[in-house]
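Trainee: How does the following fold in three dimensions:
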Amino acid sequence: MIFNFQHLKKADIGYFFHGIRVIKISLILIALGIMGIIHGLLPFIFVETVSNGVKKVSDEMSHL
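Mentor: Just a heads-up that it's a prediction; the model follows:
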């Protein structure tokens, strides 16, 4: 479903805190994506950074 107008109520979180949390996670994922591209070109850089970062974000998301 694209639109769920009950999402914030279901998540039991306010608009502001939800926005901050989603923006934070999005910025982390963008940074991990850039590091992944760099790692693809230079495999000796960010060797475990991307996989560890994705696991950390996944763990954080599963506790929401």
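Trainee: Could you pick out the longest helix of this structure?
Mentor: helix 15-41 (DSSP state H).
Trainee: what separates that helix from the chain centre, distance-wise?
Mentor: Taking C-alpha atoms, centre = their mean, to the nearest Å, one finds helix 15-41 lying 5 Å from the centre of the chain it belongs to.
Trainee: go on, stretch 7-14?
Mentor: Put simply, stretch 7-14 sits 18 Å off its chain's centre (C-alpha atoms, centre = their mean).
Trainee: circling back: tell me the angle of whichever helix or strand comes after the longest helix of the chain relative to helix 15-41?
Mentor: Next along the chain after helix 15-41, taking DSSP states H and E as the criterion, comes helix 49-62. Angle, helix 49-62 to helix 15-41, by axes from the mean of the first three to the mean of the last three C-alpha atoms, to 10 degrees: 160 degrees.
Trainee: so what does helix 49-62 touch, helix or strand wise?
Mentor: helix 15-41 (3 or more C-beta pairs under 8 Å, 6 or more residues apart in numbering; DSSP states H and E). In this view, the C-beta of every residue, glycine as well, is placed from N, C-alpha and C.
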